[in-house]
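Asker: how would this look folded up:
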Amino acid sequence: MANKIVIDPVTRLEGHLKVEVSVDLKGGSQQVIDAKVSGTLYRGFEKLLVGRHPLDSQHVTQRICGVCPVSHSLAAVMALDKAFGVGVPDNARIMRNLVLGSNYIQSHVLHFYHLTLPDFVKGPNMPPWQPSWATDRRFDAGATTTLVNNYLKALDIRRKAHEMGAIFGGRMPHPPTYLPGGFTEVPSSAQISKFKTYLSEIINFINTVYLPDIEKIAALYSDYYQIGTGPKNLLAYGVFDLDAAGKTRLLKRGMAMNGSPSIQPVDVSYISEHVKYSWYADGTDGLNPDAGVTTAQYPKTGAYSWLKAPRYLGNAVEVGPLARMWVNGDYRRGISALDRHRARAYETKKVATAMQTWVNQIVVGKPVFNQFSIPPVAEATGLTEAPRGALGHWVEINGGKLSRYQIITPTCWNASPRDKTGMLGPIEQALIGTPVENVNEPVEVMRVIHSFDPCLSCAVHVVSLNEGTQWVVSESCPL
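Answerer: Residues are numbered from 1 along each chain as shown. Predicted coordinates for the structure are as follows:
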């Protein structure tokens, strides 16, 4: 008889996520045979923006997330750049990249050391390391001490990455400096020098601490190269424009189907959002986001998530660092829980190294902003990448006001529920087949989930305890 395990909330991620798995013997081993991933929060930012001034969008959408707000700001202003028909000076483009890059670094360091490492390392007998599970700890005492010490170093590095971003961004995590047509900050030689000092220390940490630590995990937990694969379809919108037209990027736009090395162009008209198993009105099923509607319907028979189910050509697709590095040709070792961690680490190095070049390209005294006018009617899309994956903002303006605003976040792609065909979302697919040694401490399930680095906004929610179901709640989960 299958054991049903509900982890609610999944800890050490941003926001509230509920995961329900069924575990049974299959092929002689105990493993996950079914999975449901539920977003337990209705945010409704698309509703909040309708009727507002277009220039509100880059500030309001940043509040979707306190970990990756810069990406929302950039997606918003990219859409408005197009809607207003305004170009961006090189200094502005570069500072947009530098602040976004700083946010990437702090997010990736946070994810590995503070959200993921406790899955693999038994830390000291104190918060935030305790309470914890004892299942499958493979590091000896010496290696454990080193990793715990690096956890503490990473706190300092993450703070410095925020401070580095604030040099041009004004403040972090919600920089007010992004706006259509450019950037509000006028760079100085002193700022450039200060930025370089921070970046040099951070790159040293990446090379001498972060990368060696991820390889320690890879060496000792190499079985996770075969765990947590998912649908193998990888989507990236591309990020970090290297020219004014946005035709060249540090990380390219593209789509890889079934783990193919052949990269296809992205056509956003192939995106559809499904809601059969989501708490939204059924009449909105299968719409492209440029015609998207956000109409809540709760309760709803059969539904189990506030996330819609985005699909590309009808396929569930994974987004994130692995997808970006795969599409770019920088990482193609495989698609698994462990590959996600390694791709994320090597992406951190790639972005930080590129930032050394970008900061030297700023020309003090050159423009940072182009004037624009707001058209009475316009439609546009802003596609970029948040640390966790592909992010899109679809904007419609009528009468000089926002009349439609649709957002597909990275975690909506990765943590989506089933669609109208019954196809599982990417994390749900990745969980199928995951071995579970101890159903009372399903750390393997947590490792697969955390490899995607899900991000959902925080909210209070309630659960109903059903007889015959095993619940693993926050009081007994590792924090």
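Asker: now do Y346: how many residues are near it, please.
Answerer: Using other CB atoms under 10 Å, Y346 has 19 neighbouring residues. C-beta: built from backbone N, CA, C; applies to glycine.
Asker: contacts only, for it.
Answerer: 211, 325, 330-331 (CB atoms under 8 Å, 6 or more residues apart in numbering).
Asker: if I look at the nearest residue to T348 once chain neighbours are set aside, how far off is R253?
Answerer: Leaving aside its chain neighbours, T348 sits nearest to H108 (4.4 Å; criterion: CB to CB, 6 or more residues apart in numbering). Between H108 and R253 the distance is 20 Å, computed by CB to CB, to the nearest Å.
Asker: so the two - more neighbours on which side?
Answerer: Neighbours were counted for H108 and for R253 using other CB under 10 Å; H108 has more, 26 against 21.
Asker: for the stretch 51-200 of the chain, which segments are assigned as strands?
Answerer: Secondary structure of the stretch 51-200 of the chain (DSSP state E, counting those that start in this stretch): strands located at 178-179, 182-183.
Asker: right, so these: which one is the most enclosed?
Answerer: Highest mean neighbour count among the strands of the stretch 51-200 of the chain (mean count of other CB atoms under 10 Å): strand 182-183, with a mean of 26.
Asker: what's around the spatially closest residue to L100 that is not a sequence neighbour, how many residues?
Answerer: Setting aside the residues directly before and after it, L100 is nearest to V70 in space (CB to CB, 6+ apart), at 5.0 Å. Residues lying near V70 (other CB under 10 Å) number 30.
Asker: among the contacts of Y346, which are located in helices?
Answerer: When those are checked against helices using DSSP state H, the ones located there are 211, 325.
Asker: report the central residue of the chain.
Answerer: For the chain, R388 is the residue whose C-alpha lies nearest the centre (CA atoms, centre = their mean; 1.8 Å).
Asker: just list the residues touching it, thanks.
Answerer: Under the criterion of CB under 8 Å, 6+ apart, the contact list for R388 reads 68, 107, 319-320, 409-411, 414, 452-455.
Asker: those helices in the stretch 351-479 of the chain, which residues are they?
Answerer: 410-414, 426-431, 443-451 (DSSP state H, counting those that start in this stretch).
Asker: now do the chain
Answerer: Taking DSSP H as the criterion, the chain carries its helices at 45-49, 57-60, 69-84, 90-109, 141-169, 189-205, 211-220, 321-328, 337-361, 410-414, 426-431, 443-451.
Asker: which elements pack onto the last one?
Answerer: Judged by 3 or more CB pairs under 8 Å, 6 or more residues apart in numbering; DSSP states H and E, the packing partners of helix 443-451 are strand 3-8, strand 17-26, helix 337-361, helix 426-431.
Asker: so can I have CSV of these showing distance to S305 and mean pLDDT?
Answerer: Rendered in CSV, the data for these read as follows (distance: least, CB to CB, whole Å; pLDDT from 0 to 100):
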stretch, distance to S305, mean pLDDT
strand 3-8, 12, 95
strand 17-26, 8, 96
helix 337-361, 22, 98
helix 426-431, 10, 98
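Asker: please identify the buried residues of stretch 291-302?
Answerer: 292, 294, 300 (16 or more other CB atoms under 10 Å).
Asker: per-residue pLDDT, Q406?
Answerer: Among the per-residue scores, Q406 holds a pLDDT of 95.
Asker: rewinding a little: among the helices of the chain, which is nearest T229?
Answerer: Between T229 and these, the shortest separation by CB to CB is 6.2 Å, and it involves helix 426-431.
Asker: residue ranges in this structure under the pLDDT threshold?
Answerer: Per-residue confidence for the chain (pLDDT under 70) gives these ranges: 457-479.
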